[in-house]
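Visitor: Sequence and predicted model, in that order:
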Amino acid sequence: MFAEPLIDDETPSFLLALTSSVGEASSRILARALEEWGFIPGIVGFGGHGSTRRARILGRVIMERTADQRSWLAERRGWRQFFDAQVPRQPVLVTVGRQRRITFADRGGYIDLTVEGHGLTPGWHDAWIQVLHEGDLHTLGIGEGESLTTQDALRLSGQTGHGSQRIRAGKPVCVSLRIAGDNEKFGVVSDIDDTVMVTMLPRLLTAARHSFVDRVSSREAVPGMAGFLTCLADMAHRQASANTQALHRQASAESTVPQASTHTQATHPQTKGKQTPVTSADPQTPQTSADSQHEALHAPLIYLSTGAWNVVPALRDFLGRLNYPRGGFLMTDFGPSNTGWFRSGFEHKRRELRRLARMFPSMKWYLVGDDGQRDPEIYAEFAREHPENVAGIAIRSLSEIEQFMSHGTFECLYPDALRTVPSSIPVWFGSDGDALREHFRSAF
């Protein structure tokens, strides 16, 4: 299973390709230099999401001294988030449930891997990523996308006597993973900038002050938005629970006498003797995080933003402190790629929404954003293309002052975008989370 890179590796421009290659070479040189100062390749886990059939795991390989996943950023100035040393093409082992896959980071150090057949049940789980020694993999003839056999796992843990055959590996890093069940038909996708956090993103100087000068822990939240997203996630979960109860009632109504006979047969001593208990010591047993039962009370939630992946550790801390519902992240990367000098936030959101529709074809999403950027246009387009995947659209309406601070005018940039949304899809507007919650509750 090959990773789908976060950075587009097509090469329509020689100059852009050359620039990207020089950047990758510079990152390799910096990584080697930092090794002399006691740094080692480490993992920053961004999280993951998926269904009971496949799961997507996201992270990044950077040079670090301690395996703290940059949690110290919350109390530092914002500019510290954007200074790190990525490790291009670093091999890593990704463990998701009963599956172990080897993949390589892309030129920016990013890991983006989809794993099938993981065997995990709905809820929150812990996946694991660890750095592998490239030379050891080459010696053993193990390449990208391969599964790790039992013997390979023993080599990795150092339990084999063949010292020269061991695979040197870093400490596993936990990555939170949300698996959606087949009965979960509703989820939430929310923007971040000026939707859950005040950033004035389109206004360059204001956004720069928030991003680089202010301390991350002092960032301001949009009033009431934590409660609104929690309300949405709870409502979506109740809808999923209602679907499950209906299926259980239907199954009970269809129960027959032969099924009761089958249950009696299962208690026969010979039948019981053939059953193999599954214990947590089994390396192939899916491991569930301690909070999975609590977190499963919320429907799947994805924070979709044009912000940089660098801010995820501090952003996760911010959302947790202010009681936002737990969710996954889909961010982007800044800087040039082979196809452009700057990455398009508009295209990033369009691409990720379509990918969610492919991964969860029966899921309906509540889309939450603001009218200070292009969220109305993006959501309206997605609703037209995939009306079966949209449960509703909630837009935070910026005030005239906020509109002016965002883009220099007092009016919304795309006032008519949502007029093209199919009439079967409700659309709510509100100045903050409290107003949106009132409109949402009145609709139900």
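Guide: Here it is on my side, so go on. Residues are numbered from 1 along each chain as shown.
Visitor: Just say helix, strand or coil for Ala127.
Guide: What DSSP: H, G, I helix; E, B strand; the rest coil gives for Ala127 is strand.
Visitor: Hmm, it is touching Thr95, no?
Guide: Yes. Ala127 lies in contact with Thr95 (CB atoms under 8 Å); the separation is 6.4 Å. From N, CA and C alone the C-beta is placed, and that goes for glycine too.
Visitor: Counting neighbours, go ahead and name the busier of those two.
Guide: Ala127 (29 against 22; other CB atoms under 10 Å).
Visitor: where in the chain is pLDDT low?
Guide: Applying pLDDT under 70 to the chain flags the ranges 1-12, 67-82, 145, 147-165, 200-218, 240-297, 335-342, 405-407, 415.
Visitor: Show me where the protein has its helices.
Guide: 14-35, 134-140, 150-157, 204-208, 225-253, 257-266, 269-273, 292-295, 312-321, 345-359, 375-385, 400-407, 433-443 (DSSP state H).
Visitor: what's the first-to-last distance across stretch 126-139?
Guide: With CA to CA, to the nearest Å as the measure, the first residue of stretch 126-139 is 30 Å from its last.
Visitor: Show me the contact partners of that stretch.
Guide: Identification of contacts with stretch 126-139 by CB atoms under 8 Å, 6 or more residues apart in numbering yields 40-43, 45, 48, 55, 57, 59, 61, 90-97, 102, 111, 143, 165-177, 287-289.
Visitor: What is the neighbour count of Phe14?
Guide: Number of residues near Phe14 (other CB under 10 Å) recorded here: 9.
Visitor: no wait, Gly345
Guide: When counting by other CB under 10 Å, one arrives at 18 neighbours for Gly345.
Visitor: does it really touch Leu304, like I thought?
Guide: No. Using CB under 8 Å, Gly345 is not in contact with Leu304; the gap is 10.3 Å.
Visitor: in the sheet, who's paired with Leu330?
Guide: Leu304 (DSSP bridges).
Visitor: I'd like to know how far it sits from Leu132.
Guide: Distance, Leu330 to Leu132, by CB to CB, to the nearest Å: 26 Å.
Visitor: Weed out the non-buried ones from the contacts of stretch 126-139.
Guide: 40-43, 45, 48, 55, 57, 59, 61, 90-97, 102, 111, 166-167, 169-170, 172-173, 175-177, 287-289 (16 or more other CB atoms under 10 Å).
Visitor: Which ones among these lie within strands?
Guide: 40-43, 45, 48, 55, 57, 59, 61, 91-96, 102, 111, 173, 175-177 (DSSP state E).
Visitor: give me the number of residues near Pro234?
Guide: No, residue 234 isn't Pro; it's Asp. Asp234 is surrounded by 14 other residues when neighbours are defined as other CB under 10 Å.
Visitor: Tell me how many other residues crowd the closest residue to Arg56 other than its chain neighbours.
Guide: With CB to CB, 6 or more residues apart in numbering as the criterion, Arg56 has its nearest non-adjacent residue at 4.9 Å, and that residue is Thr114. Other residues lying near Thr114 total 19 when counted by other CB under 10 Å.
Visitor: Hmm, Arg53 and Thr114 touching each other?
Guide: No. Under the criterion of CB under 8 Å, Thr114 is not in contact with Arg53, lying 10.4 Å apart.
Visitor: Buried residues in stretch 25-32, which are they?
Guide: Under 16+ other CB under 10 Å, the buried positions of stretch 25-32 are Ser27, Arg28, Ala31.
Visitor: neighbouring contacts of it?
Guide: Applying CB under 8 Å, 6+ apart, the contact partners of stretch 25-32 are Phe39, Pro41, Met63, Ala85, Gln86, Val87, Pro88, Arg107, Gly109.
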